[in-house]
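Visitor: just a sequence and a predicted model for now, questions to come.
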Amino acid sequence: MVLRVPHGGSNVTASWDGTPLRLETVGACSKPGTLVACPEASMTCDASGPILLLCCWATGYTEPLYVVSNMDTAEAACRWYARRFRIATFFSDQKSRGFHRHTSHLSDQERLTRLLMAAC
């Protein structure tokens, strides 16, 4: 699982090696074109974890992206996060944003499958 931390991480506190830190502090210590990985970190007051905390600052962007994952490596988390946009767009297209599948009134599974395949 890979989750993006909203609002630039300013309200989120993590703990890494027993030291509490705000995510924006991690970003302030990095620069565009860098990836900072904090493995075995924990989140929230009750120290949920261990998690992989990433601060990804892509070249050309004005601020870093903070990602929390339960994956073992930063590379795997970044690879799956990149796929998120295609998957989320597909689900959104199938629901209310585009295709309105809920208004098709199809109850036959085979017909619905064919319709979804055509939409893809």
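Guide: Done, it's in.
Visitor: buried stuff in the longest helix that the chain contains?
Guide: Assignment by DSSP state H gives helix 74-94 as the longest helix of the chain. For helix 74-94, the neighbour count (16 or more other C-beta atoms under 10 Å) marks 74, 77-78, 81, 94 as buried. The C-beta positions use only the backbone N, C-alpha and C, and glycine is treated the same way.
Visitor: what's the first helix or strand after that helix?
Guide: The helix or strand immediately downstream of helix 74-94 is helix 109-119, counting by DSSP states H and E.
Visitor: so how far is that following helix off the chain centroid?
Guide: In terms of C-alpha atoms, centre = their mean, to the nearest Å, the centre of helix 109-119 is found 28 Å from the chain centre.
Visitor: could you pull up the mean pLDDT of that helix?
Guide: In this model, helix 109-119 carries a mean pLDDT of 80.
Visitor: so what does that helix touch, helix or strand wise?
Guide: Packing partners of helix 109-119 (3 or more C-beta pairs under 8 Å, 6 or more residues apart in numbering; DSSP states H and E): helix 74-94.
Visitor: correct me, but Pro32 touches Thr59?
Guide: Yes - with contact defined as C-beta atoms under 8 Å, Pro32 reaches Thr59; the gap is 5.0 Å.
Visitor: quick one: which of these two has more around it?
Guide: With neighbours defined as other C-beta atoms under 10 Å, Pro32 and Thr59 compare such that Pro32 has more, 12 against 8.
Visitor: who's in contact with Ala14?
Guide: The contact partners of Ala14, by C-beta atoms under 8 Å, 6 or more residues apart in numbering, come to 20-23, 38, 41-43, 53.
Visitor: alright, that wraps it up for me.
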